[in-house]
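[1] no FASTA, just this:
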């Protein structure tokens, strides 16, 4: 590339010289020669800089992990990451690896198709990883990205799989996993609905057991068509609300399962929505 630029410079200078030499006594012509020489020198410098820039080694891929810090056993969750690399050496493969505390890999997936220069959003689904079937414990998500120049990057994230309380796994009943804001200390989250006669008498709400911050579980005997809600301390003034700016009551939930499955529900806010 550099030699080609220099050859072009010589050719152009030769043509300029042949046209201007007969008039070198003219000061204006001398100025034109000087200007052309400056332009040619600038082109030569730029060509050298271009070659030097091309010689700068490409950086390895960049990995940003977007995975939950905790997953409830039997529930699972998708694991995702953003992998970015430049156009000179785009990413060629990305491997997700799920590793238990002992260091043993319990599952992996490699992405090698449809990868592009720039950002790549990749997701290893819960169904593909089998994460829902893993035993409770501490795990690590390791992601390895390699580009077309064999440069490699590795990023890791801790992942805890939480076991549901035994009280939430009663045979023949529905296991409910509830994602909800933690109530104030001393308050309990209760299940209330047609299976409990809508709390007609005190003490009939089914108390949800805390698994970890923001995650609760319970076991309820109910059949398809049962309606229910969640509230705090058996009090309708602190029932679940809506995030619509009105702080209105949440709608009744309707169960449509088989009576012995696991369902996940979410409460966005508790009334009085303070």
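    Ah, there it is. Everything numeric here is computed off the predicted structure, so don't read it as measured data.

[2] Now do the strands in the stretch 101-250 of the chain.
    With DSSP state E, counting those that start in this stretch, the ranges of strands along the stretch 101-250 of the chain come out as 105-111, 118-124, 137-147, 152-162, 174-179, 189-193, 206-207, 209-212, 215-220, 227-232, 235-241.

[3] which secondary structure elements does the shortest one contact?
    I take that to be strand 206-207. strand 189-193, strand 215-220 (3 or more CB pairs under 8 Å, 6 or more residues apart in numbering; DSSP states H and E). All C-beta atoms are positioned from the backbone trio N, CA, C, and that covers glycine.

[4] and residue 151, which of those strands is closest to it?
    strand 215-220 (39.5 Å; CB to CB).

[5] where do the helices sit along this structure?
    2-20, 27-54, 126-129 (DSSP state H).

[6] ok, of those, where does mean pLDDT dip lowest?
    Among these, helix 2-20 carries the lowest mean pLDDT, at a mean of 50.

[7] on that earlier part again, out of the strands of the stretch 101-250 of the chain, nearest to residue 74?
    Residue 74 sits nearest to strand 174-179 of all the strands of the stretch 101-250 of the chain, at 8.0 Å, using CB to CB.

[8] Show me the contact partners of that closest one.
    The contact list for strand 174-179 (CB atoms under 8 Å, 6 or more residues apart in numbering) reads 72, 74-75, 164, 168-169, 189, 191, 208, 211, 214-222, 230, 255, 257, 259-267.

[9] What confidence value was assigned to the nearest residue to residue 136 once chain neighbours are set aside?
    Nearest residue to residue 136 in three dimensions, chain neighbours excluded: residue 163, at 3.6 Å (CB to CB, 6 or more residues apart in numbering). Looking at residue 163, its pLDDT reads 89.

[10] Hmm, residue 163 is touching residue 134, no?
    No: counting by CB atoms under 8 Å, residue 163 stays clear of residue 134, with 10.7 Å between them.

[11] The two: which is more packed in?
    The neighbour comparison of residue 163 against residue 134 (other CB atoms under 10 Å) goes to residue 134, with 19 against 14.

[12] Identify the bridge partners of the nearest residue to the more buried one once chain neighbours are set aside.
    Nearest residue to residue 134, sequence neighbours excluded (CB to CB, 6+ apart): residue 161, at 5.5 Å. Bridge pairing for residue 161 (DSSP bridges) gives the partners residue 71, residue 137.

[13] who's the residue minimising distance to the centre of the chain bridged to?
    Centroid-nearest residue in the chain: residue 66, 2.9 Å away (criterion: CA atoms, centre = their mean). Beta-bridge pairing for residue 66 (DSSP bridges): residue 80.

[14] check contacts around it.
    By CB under 8 Å, 6+ apart, the neighbours of residue 66 are 80, 81, 82.

[15] ok, of those residues, which one's closest to residue 108?
    Nearest member of the contacts of residue 66 to residue 108, counting by CB to CB, is residue 81, at 13.5 Å.

[16] From residue 71, how far out is that closest one?
    As defined by CB to CB, to the nearest Å, residue 81 lies at a distance of 16 Å from residue 71.

[17] do the same with residue 133
    Distance, residue 133 to residue 71, by CB to CB: 11 Å.

[18] quick one: which of those two has more around it?
    Comparing residue 133 with residue 71 by other CB under 10 Å, the one with more neighbours is residue 71, at 23 against 12.

[19] In TSV: the helices and strands packed on strand 206-207, plus distance to residue 239.
    TSV is the format used below for these (distance: least, CB to CB, whole Å):
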stretch	distance to residue 239
strand 189-193	8
strand 215-220	15
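
[20] nearest to residue 273, of those?
    Here strand 189-193 is closest among these (CB to CB), at 16.1 Å.

[21] next one: that closest one to chain centre, how far?
    In terms of CA atoms, centre = their mean, to the nearest Å, the centre of strand 189-193 is found 33 Å from the chain centre.
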